[in-house]
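need a structure here:
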Amino acid sequence: MADLPLEVIVDILTRLPVRSLLRFRCTCRSWRSLIDARDFIFSHLHKSLETSSNSLVIFRQNSDLYAVNFDTLDEAVEVVHPIMCYGNRIKVLGSCNGLLCICNVAEDIALWNPSIRKHRILPLLPVERRPESDASLFAARVYGFGYDSFSDDYKLLRISYFIDLHSRTFDSQVKIYSLRTNCWKTIQRMPYALCCARTMGVFVGGALHWVVTRKLEPDAPDLIIAFDLKYENFREVPLPELGNQNFQMDVALLGRSLCMLANDQNTRVDIWVMKEYGHRESWCNLFTLTQSPELGSLKSVRPLTYSSDGNKVFLELDERKLCWYDLKNKVIIFIQIPRMPSLIDGTICVGTLVPPALESKIDKQQQELEAKKERDAFLSEGFKLVL
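Alright, predicted model coming up:
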């Protein structure tokens, strides 16, 4: 290895899983400095996303989390998370670049990288006050977590949603957390009604996505809205030509594409993907599931990711079953993973070295100074050996 050019060594290391890199980090000071460097962390993340490798599937059951290596799907291993649990329940609010955002019923929130076992507890938020109307009731709260590449910042959005029972109107309070500033701020309200309160924001194309409607009417059509993390505003996402509107809509992330599910009374589900984000004409009906004795009811269908060759889709059905859908042969292949919990709530998490914190300019300057000292000491020692 000592005879290889540095760029070759870096290219090899960026292709390895985090577990191996953490071991290699302990071999010598120069490798530790290399693997800890921000540029290397970014290169490893980019390579993992580009090749769809180093992925974990995180499954949740009540207050427990289990990790499964997606490349092998061999065994579910319980992982110790950093959140205290009250009421025996934990939520996964989102996953981005190897960071999981999790919370408990007391709404203690943590950003956590399970691969390097580091976390950060977010500042507490006070309980929101209801709108002025006495008839306004708290209806739901959803979160969305993602990365703003423009400001190099991770952001968490919280939407609290209220309904006025008398006038059948709604209101919302929206707050956003910035990892770079480590604080929350209040922003514009969301002018839509949430349709599916259990769905956390789906992060695609620099924005978070939910299914909403414009008014509280049974026949009001569903919409997909996006919250742009750069400009911090809401916008509507163009939908495909769907014809019949008598279905329940949901959104998901599939690969790197926005995915829409149209569920027709739990008997048929059409899975659509937007191949070019923001372009309505790029919507494609990827495949359709229909009710059968093998599948049972299609009350809940969640696509999680593609296989490594892109020919199959990994699905979660009714929070109890896992299966592959073969896109070419149009068949279902059920999966049994040892030690899996009976109830499943799966999230894809890329194995990365990304820390749940961002460097300040002072931190970066200090790291560069220490790296220079180590490099100078290494070169000085080398010259002594030669002499």
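
and for Glu322, the neighbour number?
One correction, residue 322 is Leu, not Glu. 21 (other CB atoms under 10 Å). C-betas here are computed from N, CA, C, even on glycine.

can you map out the strands along the stretch 201-350 of the chain?
Here the stretch 201-350 of the chain has its strands, by DSSP state E, counting those that start in this stretch, at 202-204, 207-213, 223-228, 233-237, 248-254, 257-264, 268-274, 283-290, 301-306, 312-317, 321-326, 331-335, 346-350.

confirm that Arg138 sits in a strand.
Arg isn't right for residue 138; it's Phe. Yes. Counting by DSSP: H, G, I helix; E, B strand; the rest coil, Phe138 falls inside a strand.

show the pLDDT at it.
If you check Phe138, the pLDDT there is 75.

circling back to that earlier point, adding mean pLDDT and distance to Ser20, write the strands of the stretch 201-350 of the chain out as TSV.
As requested, these are arranged in TSV below (pLDDT from 0 to 100; distance: least, CB to CB, whole Å):
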stretch	mean pLDDT	distance to Ser20
strand 202-204	96	28
strand 207-213	94	33
strand 223-228	95	37
strand 233-237	95	39
strand 248-254	93	27
strand 257-264	94	30
strand 268-274	95	33
strand 283-290	96	34
strand 301-306	95	22
strand 312-317	96	24
strand 321-326	95	27
strand 331-335	94	26
strand 346-350	95	15
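
is it possible to get JSON lines of the ones you listed that adds distance to Cys85?
Shown next, in JSON lines, are these (distance: least, CB to CB, whole Å):
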{"stretch": "strand 202-204", "distance to Cys85": "25"}
{"stretch": "strand 207-213", "distance to Cys85": "26"}
{"stretch": "strand 223-228", "distance to Cys85": "29"}
{"stretch": "strand 233-237", "distance to Cys85": "33"}
{"stretch": "strand 248-254", "distance to Cys85": "26"}
{"stretch": "strand 257-264", "distance to Cys85": "30"}
{"stretch": "strand 268-274", "distance to Cys85": "33"}
{"stretch": "strand 283-290", "distance to Cys85": "34"}
{"stretch": "strand 301-306", "distance to Cys85": "24"}
{"stretch": "strand 312-317", "distance to Cys85": "23"}
{"stretch": "strand 321-326", "distance to Cys85": "25"}
{"stretch": "strand 331-335", "distance to Cys85": "28"}
{"stretch": "strand 346-350", "distance to Cys85": "17"}
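
out of those, the one nearest Ala37 is which?
Checking these against Ala37 by CB to CB gives strand 346-350 as the closest, at 19.0 Å.

identify the bridge partners of the nearest residue to Cys196 once chain neighbours are set aside.
Leaving aside its chain neighbours, Cys196 sits nearest to Val211 (5.4 Å; criterion: CB to CB, 6 or more residues apart in numbering). Taking DSSP bridges, one finds Ile224 as the beta-bridge partners of Val211.

who touches Val211 in this structure?
By CB atoms under 8 Å, 6 or more residues apart in numbering, the residues touching Val211 are 194-196, 199, 222-224, 249-251.

list only buried entries from these.
194-195, 199, 222-224, 249-251 (16 or more other CB atoms under 10 Å).

report the two of these separated the most.
Greatest spatial distance among the buried ones among the contacts of Val211 (CB to CB): Thr199 and Leu223, at 13.7 Å.

can I get the contacts of Val211 in a markdown table including distance to Cys349?
Shown next, in a markdown table, are the contacts of Val211 (distance: CB to CB, whole Å):
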| residue | distance to Cys349 |
| --- | --- |
| Leu194 | 25 |
| Cys195 | 26 |
| Cys196 | 22 |
| Thr199 | 18 |
| Asp222 | 28 |
| Leu223 | 29 |
| Ile224 | 24 |
| Met249 | 26 |
| Asp250 | 21 |
| Val251 | 19 |
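
wait, is Leu22 part of a helix?
Yes. Using three-state DSSP, the assignment for Leu22 is a helix.

neighbours of the nearest residue to it once chain neighbours are set aside, how many?
The spatial neighbour of Leu22 that comes closest, neighbours along the chain excluded (CB to CB, 6+ apart), is Ile116 at 7.0 Å. Neighbour count for Ile116, taken as other CB under 10 Å: 19.

so where does Ile116 fall, helix or strand?
Under the criterion of DSSP states H and E, Ile116 resides outside all helices and strands.

so how far is Tyr66 from it?
As for Ile116, its distance to Tyr66 is 18 Å (criterion: CB to CB, to the nearest Å).
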